[in-house]
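Participant: can't give you the sequence, but here's the structure:
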């Protein structure tokens, strides 16, 4: 692989850029045809890389891409999962270059999807291509690339349940996560779940003049702020009754193992532009964003927000709230607890509605598994240092369902870095990480067995 990459580098760029140029934004209906176009392009690249067959399957939403190559039915089967949909690009004015016209600068590719997840699934395509071209592939390999991960995969569970035989595998290999740093590689042993809710506070039947009515009626925006302020206490703990009932506390030994990952709190704060950190008392910043649950307001709106002034009491205010959950917590249970809690603390002089949008459960995988050990050996060889186990703070909800439906554990070999700004303007992916990812994945196949 070390010689294969430089010999094919310019072609790799052309092929990856052909994917990045397609605005496959799953949440925006105007890009429906782009979603199909991106799926079809992936099929072309999979077949060119050596797949026996590749097909675009219809779902109730955006299409699924499936491909496979069978070496020997008796050999282990690796199922590669990824997604080709991307986040919207707003605010577009903050991009330094066109988000759908990839550009290489400062040793990185800049484009929407450069990292999440087109760049990372591209690593798997090229590692697979290399192993096929050089006659080194000794595993059966299957690929499933979906187009709805960024909108919580609403159509995929049903499709998977109907195709479990087609997807049968020994391990689910995923690159849709970050590692701790370029100097210290890490492998995610698990990810958090998610419960995504919305609070709607309604007051008068129409906006009111704040001079005529101010102080005499409840202001929905004020009430919403009061409700939100009561969701987390002074120690950073979530106040919802029963929220922590199913949270498993890690042992001192487990916390020590995870703490081996190097982490500089000041550097962490400086990198994201905040003067200091905050979170649940008794836990480090690393633990707060991985092994502990959290609650965050993702957006809040109400009343007049345009330029200038307008003195009103708004008729309505809304807040969208996400709760990241740790393994053992169930998203449906947490959603119900949240609804009950909001209804309990809401004042009687307004109407409060709680909307449940979507959710998913988290999962854990053992570091003792043969797949984890193979990945650790492969990444250690490429990076020159043994990777450390970590826990991902984000959510890939479909993986917990795939684990249950297929009876195979996900293995998260992610090569993104925090500096890549996924979901934000100027998303990027370091070329060094792209190529080291290809090398590591190729070596994973060398070392993996059941």
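Facilitator: Thanks, I have the structure now. Keep in mind it's a predicted model, so treat the numbers as computed, not measured. Residues are numbered from 1 along each chain as shown.
Participant: give me the number of residues near residue 6?
Facilitator: The local packing of residue 6 (other Cβ atoms under 10 Å) involves 10 other residues. To be clear about C-beta, it is placed using only N, CA and C from the backbone, and glycine gets the same treatment.
Participant: can you tell me how far it sits from residue 435?
Facilitator: Using Cβ to Cβ, to the nearest Å, residue 6 is found at 9 Å from residue 435.
Participant: what's the answer for residue 342, then?
Facilitator: Distance of residue 342 to residue 435, computed by Cβ to Cβ: 48 Å.
Participant: Kindly report the domain assignment for this structure.
Facilitator: The chain breaks down by automatic domain parsing into domains covering 4-191+363-447, 193-247+293-360.
Participant: ok now the shortest one, how far from the chain's centre?
Facilitator: Averaged C-alpha coordinates place domain 193-247+293-360 at 24 Å from its chain's average position (Cα atoms, centre = their mean, to the nearest Å).
Participant: Same check on the longest one?
Facilitator: Between the mean C-alpha point of domain 4-191+363-447 and the mean C-alpha point of its chain there is a distance of 12 Å (Cα atoms, centre = their mean).
Participant: Ends of it, what's the gap?
Facilitator: One end of domain 4-191+363-447 sits 19 Å from the other (Cα to Cα, to the nearest Å).
Participant: How about stretch 77-94?
Facilitator: Chord length of stretch 77-94, first to last residue, is 43 Å (Cα to Cα).
Participant: ditto for stretch 421-434
Facilitator: 15 Å.
Participant: Could you list the residues in contact with it?
Facilitator: Stretch 421-434 is contacted from outside by 87, 89, 91-92, 94-97, 99, 104, 107-116, 119-120, 122-123, 182, 415-417, 419-420, using Cβ atoms under 8 Å, 6 or more residues apart in numbering.
Participant: Over to stretch 305-317?
Facilitator: 200-211, 213-214, 217, 219-221, 223-224, 300-304.
Participant: which of the residues you listed count as buried?
Facilitator: Applying 16 or more other Cβ atoms under 10 Å to the contacts of stretch 305-317, the neighbour count classes 200-204, 207-208, 219-221, 223-224, 302-303 as buried.
Participant: Which positions within the helix or strand of the chain with the lowest mean pLDDT qualify as buried?
Facilitator: Within the chain, no helix or strand scores below helix 252-258, which has a mean of 82 by mean pLDDT, DSSP states H and E. Across helix 252-258, burial judged by 16+ other Cβ under 10 Å covers residue 258.
Participant: Same check on stretch 110-119?
Facilitator: Using 16+ other Cβ under 10 Å as the test for burial, stretch 110-119 gives 110-119.
Participant: All the helices of the stretch 251-400 of the chain, residue numbers only.
Facilitator: Here the stretch 251-400 of the chain has its helices, by DSSP state H, counting those that start in this stretch, at 252-258, 265-272, 285-288, 331-345, 370-383, 397-406.
Participant: closest one to residue 356 among those?
Facilitator: Closest to residue 356 of these is helix 331-345 (Cβ to Cβ; 4.8 Å).
Participant: what does that closest one rub up against?
Facilitator: The contact list for helix 331-345 (Cβ under 8 Å, 6+ apart) reads 193-195, 197, 199, 227, 230-231, 239-243, 246, 321, 323, 325, 352, 354, 356, 359-361.
Participant: Return the angle between stretch directions for that helix and helix 397-406.
Facilitator: Put simply, helix 331-345 runs at 130 degrees to helix 397-406, going by axes from the mean of the first three to the mean of the last three Cα atoms, to 10 degrees.
Participant: Make 555 the starting number, not 1.
Facilitator: Fine by me, first position is 555 from now on; the one you just mentioned is helix 885-899.
Participant: what bits of the protein have low per-residue confidence?
Facilitator: Nowhere does the chain drop to pLDDT under 70.
Participant: Give me the buried positions along stretch 823-842.
Facilitator: Neighbour counts over stretch 823-842 (16+ other Cβ under 10 Å) mark 833-834, 837-838, 840-842 as buried.
Participant: Please convert the residues you listed to TSV, extending it with distance to residue 934.
Facilitator: Shown next, in TSV, are the buried residues of stretch 823-842 (distance: Cβ to Cβ, whole Å):
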residue	distance to residue 934
833	31
834	33
837	29
838	25
840	21
841	25
842	28
